[in-house]
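**Student:** Model the structure of this input:
(4 chains)
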There are 4 protein chains.
Amino acid sequence: MAKVAFIGVGNMGAPMANNLIAAGHELRVFDVVAEAVKAVKGAVACESAAQTVQGAEVVISMLPESRHVESLYLTDAKLLEHIDPSALVLDCSTISPSTSRKVAAAAKAKGIAMLDAPVSGGTNGAVAGTLTFMIGGAAADLARARPFIEVMGKNIFHAGEAGAGQVAKIANNMMLGIAMAGTCEALALGVANGMDPAVLSEIMQKSSGGSWALEKYNPWPGVLEGVPASKNYAGGFGVDLMLKDLGLAAGAAVESRSSITLGETARNLFSLHSKNGHGKLDFSSILNMIKP
Amino acid sequence: MAKVAFIGVGNMGAPMANNLIAAGHELRVFDVVAEAVKAVKGAVACESAAQTVQGAEVVISMLPESRHVESLYLTDAKLLEHIDPSALVLDCSTISPSTSRKVAAAAKAKGIAMLDAPVSGGTNGAVAGTLTFMIGGAAADLARARPFIEVMGKNIFHAGEAGAGQVAKIANNMMLGIAMAGTCEALALGVANGMDPAVLSEIMQKSSGGSWALEKYNPWPGVLEGVPASKNYAGGFGVDLMLKDLGLAAGAAVESRSSITLGETARNLFSLHSKNGHGKLDFSSILNMIKP
Amino acid sequence: MAKVAFIGVGNMGAPMANNLIAAGHELRVFDVVAEAVKAVKGAVACESAAQTVQGAEVVISMLPESRHVESLYLTDAKLLEHIDPSALVLDCSTISPSTSRKVAAAAKAKGIAMLDAPVSGGTNGAVAGTLTFMIGGAAADLARARPFIEVMGKNIFHAGEAGAGQVAKIANNMMLGIAMAGTCEALALGVANGMDPAVLSEIMQKSSGGSWALEKYNPWPGVLEGVPASKNYAGGFGVDLMLKDLGLAAGAAVESRSSITLGETARNLFSLHSKNGHGKLDFSSILNMIKP
Amino acid sequence: MAKVAFIGVGNMGAPMANNLIAAGHELRVFDVVAEAVKAVKGAVACESAAQTVQGAEVVISMLPESRHVESLYLTDAKLLEHIDPSALVLDCSTISPSTSRKVAAAAKAKGIAMLDAPVSGGTNGAVAGTLTFMIGGAAADLARARPFIEVMGKNIFHAGEAGAGQVAKIANNMMLGIAMAGTCEALALGVANGMDPAVLSEIMQKSSGGSWALEKYNPWPGVLEGVPASKNYAGGFGVDLMLKDLGLAAGAAVESRSSITLGETARNLFSLHSKNGHGKLDFSSILNMIKP
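**Tutor:** Have a look, this model is predicted:
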């Protein structure tokens, strides 16, 4: 069993930390919101990030945005100066690939192995330990990290070098946002022209218009049981989270001079939807903005 | 065996007609391009559309655009005035739903049963008799048509009332165009950020970014064997055909006051790509416009 | 003074007809809404379109959509069969260029001179006789029409051959829709980043971001006096009218294989705004959907 | 006459520095490209940024991107630690508003007055001393800076607090990019439908489709004399510069959760055009991608 430092124990971080504890690891945790650490039972609550990494063999962070990760490792808490070079660092935050690459390079310069390891699966997946991890970094480092990741997740993808975990997640979620909004447009166009959304869904699924969004997450209420659309768009993956990921896609596209015409258009659709006050609903609720 | 009139025996119509002949039906055919009828062996070549329908139990048409269908049945050839009310009419053209509805209503007023029956599957599917049919019209009429359709196709979907076949095809193909262009954007964004397109494709397929376009028709050369992308974008479904279907989607959206922001954006991407001289390539070649 | 037939005396047509009467012309009017003719004082109310054109030297129509114009002149009322070849026909409806061209060609085949003459300026301009006319057709025919047009409008542009009046209006209004939505985006981006909308408006106006939309029709409430934005978006040019013109632009683009990526995106923005229940507000109210 | 430090003497910075020298100021200059300083005659060439600011009353920087400005003032050269608090700092780089605000705040913390002062007008304007300056910062600081700015530019706009200069420039140029691409779409749609681009331009200019882009910078070759479109799109404002500014707009929109659907769509159009190898042409050459 290992000594693990866990920084950022919010809605996602706390259940991930709890799963590590349940697996027998020894945890030291910190969060800028002091109250947050109470959600992790059986961990040593620390008063600073630096405290958590004392003696840590594994350091895990789960933070909201690029600037928090940069602040933690580089500019404010300067955590890389406190981490033992033998430790393995796993940043599970979903942030810009360029920030991931910058922090990983700084870690490498100090001889510290670091992986970017953004997740998908939401708070349910975090609690159940069934998250999907997309990993950027060296294969050997991923091999070391795997036993810890397997406690928190089910699917583990090695995307490539440092930053590739972020790239994979951003590209995947951009496509998801496009497919969801596109599926809403297709279904709404059909319904506005007299079709039954369930019939059209079935035809598209069996033809060439199928996608994960249509098959597993149909946005039209009542077509599929158990999905957010059939539960008033409660739960699931929030509009504002999709908006965040599409914003990361736009940022990565600007930096890499990529063309993502549909991706940025989708970003704006979700932005308009959020502005209307629906940021907390499941992202398939974009149908409400589009349908007749 | 039945007497069948077949009007429009071009790249798609000719092999469809040949399959009906092979199944033992008696065909009379016509095409505005006189030469075209030669591609159908064993049929009676007629000099007008009106001639083909004399004594026909089934009338099938396969024409390029709405205006041709309107011209054939209503305004110029006035075919509805020549068809026996006991005959069944099957229009396999991909045209605007409103034209389909108008012609079907005119047929109904004369007591003629008519179905809109656009197909997908391309010339290969037409030759092999494995087309997908999306049918609009009465269930009882579809039951009568089924034996004939089964000679030409494999999957038959009853989409709904008159025009619904067109709506289903247009909605499906719009989603296909969105998914393909979106997949190209996602893969290109990944590659511009250092990822391997095959690795990213696999991750998206197993995650939430999957779609028919990604899984069955991957646009990145070499990722999937046998698809157009791996054959210099030869064969497959041409850019200009996708552009036509996205144009029908735009038209239907304008008429029904629907919002298809991604659909119309995709239309413009394919339009720009066609303008660059790539109209005859497979539609997955849109990657070339998007990738780094 | 001339004998004028006027078909379609709704919100726009009635004041235009009244101005012709005030100028001394003898009018016969018809509208499918029988009540509508009462808004024109001093005209002979007819019971059919055909009646109005008996003895008419000039025939003017002002109808809502392409299908009404086609129905009037070609398919239902078949008015071209009733108009004297010496008469001059002026269709002031805003419709698709292809319909205008089709009707004009049919008129020409009967030796009847016809102009497409869509207007801008709204009901205020119609009442005041200050409409802008964009004319498609022969210069000689425009010369004959000019005395009548001058009674109804102030600016007269000869756009080109048959249909060009429609094209000019559609292209102009598409650009107006793009400029208005774009201006809203620019101002909203500025305000979300702490700027004063009036200061930003002034800078853009004096720099390269200026446009008619910004200068004469500023969408931010209070920046410009007297415009709809400063009157709760009442009056002006309605969202649904802009949506109609952007729909005509999309239709013309599909027919001519043109790329209007921004134009169709703007169409969808106005469509989303209309769907939210704001179709009757002035089109500059699109700001409400976009602003923080 | 004052002692001025000038950092970044590339295509824009060098002529700006030369104009300050011509006005009698004493300049010390630095550029990371050692050769670059030779373009400034009569200045003291320094070997580091820190050297330039020794004794400087005014510090001016003109750098390509946000990261360079951050590196200069904050993280690498740490110039704020070398500048005398009595000096006035003027950053003329076009960068993200958030970076401008961050650097200005750091300057303020050290008691140093700083303005963001991005310019437009290109190298011609820089040479002629006719640049437009958009200023963010305190009015009193602008008053101190004005005599220096007036040597380099003609129009000076006070946009608001720190960062507002960047916001104004970004918002203005985003609108310019939208108006230019939109104007190209409108003209191309007209031409594809048979209109003369000069006639359509004139109609739009006198109607509601007018804009600076149409009136002063018509993108159709031959319609306006002297503009880049009439000189094979040479000179003017390059596609890649427009792309950079639209990228800054996208970044600012993501950070401020703004919706700029048309702005981001325009960004992608210019990105596709640049990818085709036209990055160095004037930005009005986007017409070539759009026209029939």
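
**Student:** residues from the stretch 151-292 of chain A in reach of chain C?
**Tutor:** A:T261, A:T265, A:L272, A:K275, A:N276, A:M289, A:I290, A:P292 (Cβ under 8 Å from any Cβ of the partner chain). (C-beta placed from N, C-alpha, C; glycine too.)

**Student:** Could you identify the buried members of those residues?
**Tutor:** A:T261, A:T265, A:L272, A:K275, A:M289, A:I290 (16 or more other Cβ atoms under 10 Å in any protein chain shown).

**Student:** Can I get these in CSV including distance to C:A104 and secondary structure?
**Tutor:** Output for these, formatted as CSV (distance: Cβ to Cβ, whole Å; DSSP: H, G, I helix; E, B strand; the rest coil):
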residue, distance to C:A104, secondary structure
A:T261, 37, helix
A:T265, 38, helix
A:L272, 41, helix
A:K275, 45, helix
A:M289, 41, helix
A:I290, 38, helix
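
**Student:** Quick check: which of those are also close to chain D?
**Tutor:** Within those, those near chain D by Cβ under 8 Å from any Cβ are A:T261, A:T265, A:L272, A:K275.

**Student:** Does the top helix by length along chain A reach chain B?
**Tutor:** Longest helix in chain A, counting residues (DSSP state H): helix A:164-192. Yes - for helix A:164-192, a contact with chain B is found by Cβ under 8 Å from any Cβ, at A:164, A:167-168, A:170-176, A:178-179, A:181-183, A:185-190, A:192.

**Student:** coming back round to it: any idea which of the ones next to chain D among the buried ones among the residues of the stretch 151-292 of chain A next to chain C is closest to chain D?
**Tutor:** Looking at these and their distance to chain D, the nearest is A:T261, at 3.9 Å (Cβ to the nearest Cβ).

**Student:** correct me, but the closest one touches D:T261?
**Tutor:** No - counting by Cβ atoms under 8 Å, A:T261 stays clear of D:T261, with 11.0 Å between them.

**Student:** how about the strands in chain A?
**Tutor:** All strands of chain A, identified by DSSP state E, fall at A:3-7, A:26-30, A:44-45, A:58-61, A:88-91, A:113-116, A:119-120, A:131-136, A:153-160.

**Student:** Which stretch among the ones you listed approaches chain B most closely?
**Tutor:** Among the strands of chain A, strand A:153-160 sits nearest to chain B (Cβ to the nearest Cβ), with 4.7 Å.

**Student:** Can you name every helix or strand that the closest one contacts?
**Tutor:** strand A:131-136, helix A:139-152, helix A:164-192, helix B:197-206 (3 or more Cβ pairs under 8 Å, 6 or more residues apart in numbering or on different chains; DSSP states H and E).

**Student:** Of the buried ones among the residues of the stretch 151-292 of chain A next to chain C, which pair is most distant in space?
**Tutor:** The distance between the two most remote of those (Cβ to Cβ) is 21.3 Å, for A:T261 and A:K275.

**Student:** How about A:L243, nearest residue that isn't a chain neighbour?
**Tutor:** Nearest in space to A:L243, with sequence neighbours left out and distances taken as Cβ to Cβ, 6 or more residues apart in numbering or on different chains, is A:F270 at 4.6 Å.

**Student:** Could you do A:M180 as well?
**Tutor:** A:A213 is the one closest to A:M180 (Cβ to Cβ, 6+ apart), at 4.4 Å.

**Student:** What is the burial count for that neighbour?
**Tutor:** 27 (other Cβ atoms under 10 Å in any protein chain shown).

**Student:** residues in contact with A:K110?
**Tutor:** Neighbouring residues of A:K110 by Cβ atoms under 8 Å, 6 or more residues apart in numbering or on different chains: A:L80, A:E81, A:I83, A:P85.

**Student:** returning to that earlier point: just the buried ones from the residues of helix A:164-192 next to chain B?
**Tutor:** A:164, A:167-168, A:170-176, A:178-179, A:181-183, A:185-190, A:192.

**Student:** hmm, back to that, now render the helices and strands packed on strand A:153-160 as a markdown table, adding mean pLDDT.
**Tutor:** Formatted as a markdown table, the helices and strands packed on strand A:153-160 follow (pLDDT from 0 to 100):
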| stretch | mean pLDDT |
| --- | --- |
| strand A:131-136 | 97 |
| helix A:139-152 | 98 |
| helix A:164-192 | 98 |
| helix B:197-206 | 97 |
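
**Student:** Show me the one of these that comes nearest C:S120.
**Tutor:** Nearest of the helices and strands packed on strand A:153-160 (Cβ to Cβ): helix A:164-192, 29.1 Å.

**Student:** Give me the angle between that closest one and helix A:197-206.
**Tutor:** 130 degrees (axes from the mean of the first three to the mean of the last three Cα atoms, to 10 degrees).

**Student:** End to end on stretch A:224-237, go ahead and measure it.
**Tutor:** Stretch A:224-237 has its terminal residues 17 Å apart, counting by Cα to Cα, to the nearest Å.

**Student:** Do any residues in that stretch lie close to chain B?
**Tutor:** No - Stretch A:224-237 lies out of reach of chain B by Cβ under 8 Å from any Cβ, never closer than 8.6 Å.

**Student:** Check which residues of that stretch are buried.
**Tutor:** For stretch A:224-237, a neighbour-count test (16+ other Cβ under 10 Å) marks A:L224, A:V227, A:P228, A:A229, A:S230, A:Y233, A:G236, A:F237 as buried.

**Student:** Let me know the closest of these to D:D116.
**Tutor:** Nearest to D:D116 among the buried residues of stretch A:224-237: A:F237, at 37.7 Å, using Cβ to Cβ.

**Student:** I figured that closest one hits A:S285, correct?
**Tutor:** No - with contacts counted by Cβ under 8 Å, A:F237 stays clear of A:S285, the gap being 10.6 Å.

**Student:** Farthest from the middle of chain A: give me that residue.
**Tutor:** No residue in chain A sits farther from the centre than A:G194, which is 37.9 Å out by Cα atoms, centre = their mean.

**Student:** what separates it from chain B, distance-wise?
**Tutor:** A:G194 sits 6 Å away from chain B, going by Cβ to the nearest Cβ, to the nearest Å.

**Student:** check contacts around that residue.
**Tutor:** The neighbours of A:G194, taking Cβ under 8 Å, 6+ apart as the test, are B:G160, B:E161, B:G163, B:A164, B:V167.

**Student:** let's see 7 Å
**Tutor:** Counting by Cβ atoms under 7 Å, 6 or more residues apart in numbering or on different chains, A:G194 makes contact with B:G160, B:E161, B:A164.

**Student:** burial count for the closest residue to A:K154 other than its chain neighbours?
**Tutor:** Leaving out its chain neighbours, the residue that sits closest to A:K154 by Cβ to Cβ, 6+ apart is A:T130, at 4.4 Å. Using other Cβ under 10 Å, A:T130 is surrounded by 13 other residues.

**Student:** Was I right to think A:T130 contacts A:G121?
**Tutor:** Yes - under the criterion of Cβ atoms under 7 Å, A:T130 makes contact with A:G121 at 6.0 Å.

**Student:** residues bridging contact with the two, i.e. touching both?
**Tutor:** With Cβ under 7 Å, 6+ apart, A:T130 and A:G121 have no common neighbours.

**Student:** in the stretch 1-150 of chain A, what residue is nearest chain B?
**Tutor:** A:P97 (5.5 Å).
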